[in-house]
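Enquirer: Structure of the sequence below:
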Amino acid sequence: MQAIAKLGQLLRVYSGHLGADDLDAAYSSRENHIIIGGCGRSGTTLVRVILDSHRNICCGPESEILLPDSLDIGKLLSKFKLDPQLLSEAYRTSQSRAHFIDRFAEICCAATGKQRWAEKTPRNILHLDYLFDKFPVSQFVHVLRDGRDVACSLRTHPRHRVENGKLVPLNTWKPMEACVARWRESMLATRPYWSDPRFYTVRYEELVADPRTAVAKLLQFLGEDWDEAVLAHHEVESDFRDATAFPQNPEALEPIGTQAVARWQRDMTDEDKKTFKEIAGELLIESGYASDNDW
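Expert: Numbers count the residues shown, from 1 in each chain. Down below sits the predicted model:
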């Protein structure tokens, strides 16, 4: 682990090379990657493990590689268990961030023996302009969930921290205002792309209620054949999956269930409901989760 961290440090200070850290270089990918995003606590992790179960798609843990943040090669190596030499060579010789992402995707596919790379980081949803500029033929999967349920889930997130390889419960309790505002921000970021043919919305409620139909529609959008393994994601072995990779979402490794649907009905107080309506009530109606603010 120390060697991986050291390699990451060396790459981050590699002198005279902008390359993989250059967001603005004139590079346009021709790869049809699958990019997954949505407000946190909307079900993006579930969609990630479902797609990773497909025989043709590899989708690892959150890499954050598509975000306009500094690259952390050490973190990528730690999360993905990839060949350090291959990754360092890709970093040192890439023309730009987008070019490095294509090469990272290639390395992931080679490591898993799959054909197509997918990446899930919820905050991808906030950078659609950049993503579609640099990856114009890629497809974006927006995971959408009732904002009231999202806000209730965000309020108690994170639920655990990892200590000595074990999950330790936390007593997180965030302000409802901040939780609602986060869902609203994500929804507003998607608006310009609702009619874009590269943009597809998966509703969490439909996914857990009828997984076969919802996943079939998603795979049709992606141009991928049906694979029965996607309905048994909790049983499929993966190069990018183990229990320690899901400290905040252990349910992602369990069979799909509907127990988290409409949790707002039992979790929200009247004051919580008032707060939501003031901040995002109209968006809840616009997205089809309410007919009016009388709920």
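Enquirer: from here on, contacts and neighbour counts on C-alpha atoms
Expert: OK.
Enquirer: so what's residue 98 up against?
Expert: 20, 23, 27, 28, 29, 134, 135 (Cα atoms under 8 Å, 6 or more residues apart in numbering).
Enquirer: ok, now residue 203?
Expert: Taking Cα under 8 Å, 6+ apart, one finds 143, 144, 145 in contact with residue 203.
Enquirer: ok, now which ones touch residue 87?
Expert: So residue 87 contacts 77, 104, 107 (Cα under 8 Å, 6+ apart).
Enquirer: Test my guess that residue 279 contacts residue 183.
Expert: No: under the criterion of Cα atoms under 8 Å, residue 279 lies out of contact with residue 183, with a separation of 9.8 Å.
Enquirer: Of the two, which one has the most company?
Expert: Using other Cα atoms under 10 Å as the criterion, residue 279 and residue 183 rank with residue 183 on top: 27 against 16.
Enquirer: Buried residues of the helix or strand encompassing the more buried one, list them for me.
Expert: Using DSSP states H and E, residue 183 sits within helix 176-190. Neighbour counts using 16 or more other Cα atoms under 10 Å place 176, 177, 179, 180, 181, 182, 183, 184, 186, 187, 190 of helix 176-190 among the buried residues.
Enquirer: Tabulate those (a markdown table), appending distance to residue 214.
Expert: Formatted as a markdown table, these follow (distance: Cα to Cα, whole Å):
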| residue | distance to residue 214 |
| --- | --- |
| 176 | 30 |
| 177 | 31 |
| 179 | 27 |
| 180 | 26 |
| 181 | 28 |
| 182 | 25 |
| 183 | 22 |
| 184 | 24 |
| 186 | 22 |
| 187 | 21 |
| 190 | 20 |
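Enquirer: picking up where we left off before, just the ones of the contacts of residue 87 in strands?
Expert: Counting by DSSP state E, no part of the contacts of residue 87 is found in strands.
Enquirer: so which of those residues comes closest to residue 269?
Expert: residue 77 (43.9 Å; Cα to Cα).
Enquirer: Need the residues that contact the host helix or strand of residue 212.
Expert: Here residue 212, judged by DSSP H and E, is contained in helix 211-222. The contact list for helix 211-222, computed with Cα under 8 Å, 6+ apart, reads 34, 139, 200, 202, 206, 207, 225, 226, 230, 231, 256.
Enquirer: could you point out which element follows it?
Expert: Defined by DSSP H and E, the subsequent element after helix 211-222 is helix 264-267.
Enquirer: which other helices and strands contact the host helix or strand of residue 205?
Expert: In the assignment (DSSP H and E), residue 205 maps to helix 204-209. Helix 204-209 sits against helix 211-222, with contacts defined as 3 or more Cα pairs under 8 Å, 6 or more residues apart in numbering; DSSP states H and E.
Enquirer: If we use 10 Å, what do you get?
Expert: Packed against helix 204-209, as judged by 3 or more Cα pairs under 10 Å, 6 or more residues apart in numbering; DSSP states H and E, are the following elements: helix 44-52, strand 139-144, helix 211-222.
Enquirer: List the buried residues in it.
Expert: So for helix 204-209, counting by 16+ other Cα under 10 Å, buried means 204, 205, 206, 207, 208.
Enquirer: Output that helix as CSV - backbone C-alpha positions only.
Expert: The C-alpha trace of helix 204-209 is given here as CSV (Å, rounded to 0.1, in the frame of the first residue of the first chain):
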residue,chain,number,x,y,z
TYR,A,204,-35.2,3.9,-8.8
GLU,A,205,-38.8,3.1,-8.0
GLU,A,206,-39.3,1.4,-11.3
LEU,A,207,-36.0,-0.4,-11.1
VAL,A,208,-36.7,-2.1,-7.7
ALA,A,209,-40.4,-2.8,-8.5
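Enquirer: which other residues reach that helix?
Expert: The contact list for helix 204-209, computed with Cα atoms under 10 Å, 6 or more residues apart in numbering, reads 42-44, 46-47, 143-146, 211-215, 218, 255-262.
Enquirer: Of these, keep whichever come out buried.
Expert: 42-44, 46-47, 143-146, 211-212, 214-215, 218, 256, 261.
Enquirer: And residue 25, how close does it get to residue 201?
Expert: Distance, residue 25 to residue 201, by Cα to Cα, to the nearest Å: 30 Å.
Enquirer: make that residue 149, sorry
Expert: With Cα to Cα as the criterion, residue 149 and residue 201 are 17 Å apart.
Enquirer: out of those two, which sits in the busier spot?
Expert: residue 149 (21 against 17).
Enquirer: Quick one: residues contacting that one.
Expert: By Cα under 10 Å, 6+ apart, the neighbours of residue 149 are 41, 42, 155, 180, 260, 261, 262, 263, 264, 265, 267, 268.
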